[in-house]
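[1] Need a 3D model of the sequence below.
(chains A and B)
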Amino acid sequence: DGGITQSPKYLFRKEGQNVTLSCEQNLNHDAMYWYRQDPGQGLRLIYYSQIVNDFQKGDIAEGYSVSREKKESFPLTVTSAQKNPTAFYLCASTPLPTNYGYTFGSGTRLTVV
Amino acid sequence: AQSVTQLDSHVSVSEGTPVLLRCNYSSSYSPSLFWYVQHPNKGLQLLLKYTSAATLVKGINGFEAEFKKSETSFHLTKPSAHMSDAAEYFCVVSEAGGYQKVTFGIGTKLQVIP
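    Here you go, the predicted model:
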C-alpha cells in the first residue's frame, strides 16, 4: 500500500544532541513537508521541498535542517540549536499542485530528557 | 494574507446527535479548503476538500461541509455522531499560486458522550 512512513514513533534526545527523524513516501509525490505540532497551536511549518535537492524554510526553521537527496525521502534533523524541541513532528506529502490535499505520516513524538 | 479561525476549541455532543464544527477563513484569492481529522498520537487524515467545484462537499465517515463565500465559512457537519468520531479536527486553507501557502487552524476537539 502507498503511504508515508515516519520513524521512529518515539524518540528521546539528551540536551545538546542532534537527532534525525525519518520520513519516506512511496506515493511518487513531488512535494514533502515537515510540521511541528504543539498543544493548542495547530501545525506549524518547519521546512518544505517541492523537488529533489531543493528545499525552503517554513515559519519555524531555526534549529532544524533537512535534505532531499531522493524524491522518496525527506529527513529532518533537530539540532542542539533548537531550544524547545519537545513536540509531535508530522511529515506530509502531496502531488503538485497542492490543492489535492496532504497525505500525512503517523508522526514522531520527540522528548528531551 | 490568509488565515483560518476555528471558532470552538472544544465541542461536546451526545452519541446520535448532530455535529457542527465551525470554521471561518480569510483569503485574498479563491481558496482551497480542507478538513482533517486526527486521532490521539496519529497523523492527520483528510476528511474532505473544497476546490471550487460544488459548494456542498461530502467526505468520508458521513461528514460534509458547505463553502459559503458570502460568510467566509466552511463549517463541518455530521447528522449523527458516533463514538469513533471523538478526535481533533483541523480546518485548513490553501491559496493557489507559487508555493501554495497552507494555513492550519488550531483545531477543535470533539468529545462524544455515550
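[2] how many neighbours does the nearest residue to A:His29 once chain neighbours are set aside have?
    Once flanking residues are discounted, A:His29 sits nearest to A:Ser93: 3.8 Å by C-beta to C-beta, 6 or more residues apart in numbering or on different chains. All C-beta spots, glycine's among them, are computed from the backbone N, C-alpha and C. Using other C-beta atoms under 10 Å in any protein chain shown, A:Ser93 has 27 other residues around it.
[3] who's in contact with the one helix or strand A:Ser93 maps to?
    If you go by DSSP states H and E, A:Ser93 is part of strand A:87-94. Residues outside strand A:87-94 that contact it (C-beta atoms under 8 Å, 6 or more residues apart in numbering or on different chains) are A:4, A:6, A:21, A:23, A:25, A:27, A:29-38, A:43, A:46, A:74, A:76, A:100-105, A:107-110, B:41, B:43-44.
[4] export that strand as CSV, just CAs?
    Backbone C-alpha positions of strand A:87-94 (Å, rounded to 0.1, in the frame of the first residue of the first chain) are rendered in CSV as follows:
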residue,chain,number,x,y,z
ALA,A,87,6.8,18.2,20.3
PHE,A,88,5.0,15.9,17.8
TYR,A,89,6.5,16.0,14.4
LEU,A,90,4.5,15.3,11.3
CYS,A,91,5.7,14.7,7.7
ALA,A,92,3.4,15.2,4.8
SER,A,93,3.5,14.9,1.0
THR,A,94,1.4,15.9,-1.9
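[5] If you average the pLDDT over that strand, what comes out?
    Over the span of strand A:87-94, the pLDDT mean works out to 94.
[6] how about low-confidence regions in the chain?
    Going with chain A. Across chain A, the ranges flagged by pLDDT under 70 are A:1, A:98-99.
[7] That was the other one, I meant chain B.
    Flagging of chain B using pLDDT under 70 yields the residue ranges B:96-100.
[8] What residues does it have near chain A?
    Residues of chain B lying near chain A by C-beta under 8 Å from any C-beta of the partner chain: B:9, B:32, B:34, B:36, B:41-46, B:49, B:51, B:90, B:94, B:96, B:99-100, B:102, B:104-107.
[9] So among those, which ones count as buried?
    With burial judged by 16 or more other C-beta atoms under 10 Å in any protein chain shown, the buried subset of those is B:32, B:34, B:36, B:42-46, B:49, B:51, B:90, B:94, B:96, B:100, B:102, B:104-107.
[10] what sits against A:Gly40?
    A:Gly40 sits in contact with B:9, B:106-107, where contact means C-beta under 8 Å, 6+ apart.
[11] Pick out whichever of those sits closest to B:Tyr25.
    Minimum distance to B:Tyr25 across the contacts of A:Gly40 is 13.3 Å, recorded for B:Ile106 (C-beta to C-beta).
[12] what number of residues lie near the residue lying closest to A:Val66 once chain neighbours are set aside?
    With C-beta to C-beta, 6+ apart as the criterion, A:Val66 has its nearest non-adjacent residue at 4.5 Å, and that residue is A:Tyr47. Around A:Tyr47 there are 21 other residues, counting by other C-beta under 10 Å.
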